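# Dropping the sequence and predicted coords here.
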Amino acid sequence: MESVYKIIEIVGTSEQSWEDAAKTALDTAVRTIRDIRIAEVDKLDIKVNPDGNLIFRAKLKVSFKYEELS
């Protein structure tokens, strides 16, 4: 059986770590996207707020099975 997969990019944020940022992104995605197959961390960066607090950001590429609408 042939399959087609779609890849999207999502970004998660956390004040704690990049791991938490990636988990936040994926936890949110699995609530709205069916059949997620792979999540790949593509980029990590840190945003420095004016008050000095750091925001960890993780950009993920997420693939899921493409389903045609009937």
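All right, it came through fine.
# Tell me who's in contact with Tyr5.
Tyr5 makes contact with Arg37, Ser63, Phe64, Lys65, Tyr66 under the criterion Cβ atoms under 8 Å, 6 or more residues apart in numbering. Using the backbone N, CA and C atoms, a C-beta is placed for each residue, glycine as well.
# are any of those buried, and which?
Buried residues within the contacts of Tyr5, defined by neighbour count using 16 or more other Cβ atoms under 10 Å: Ser63, Phe64.
# which intervals of this structure have sub-threshold pLDDT?
For the chain, applying pLDDT under 70 flags the ranges 1, 70.
# how about the contacts of Tyr5 in a markdown table, adding secondary structure and distance to Ile55?
Listed next are the contacts of Tyr5 as a markdown table, based on DSSP: H, G, I helix; E, B strand; the rest coil; distance: Cβ to Cβ, whole Å:
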| residue | secondary structure | distance to Ile55 |
| --- | --- | --- |
| Arg37 | strand | 28 |
| Ser63 | strand | 26 |
| Phe64 | strand | 27 |
| Lys65 | strand | 32 |
| Tyr66 | coil | 32 |
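# Turn the contacts of Tyr5 into JSON lines, including distance to Gly12.
What follows is the contacts of Tyr5, written out as JSON lines (distance: Cβ to Cβ, whole Å):
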{"residue": "Arg37", "distance to Gly12": "18"}
{"residue": "Ser63", "distance to Gly12": "16"}
{"residue": "Phe64", "distance to Gly12": "17"}
{"residue": "Lys65", "distance to Gly12": "22"}
{"residue": "Tyr66", "distance to Gly12": "23"}
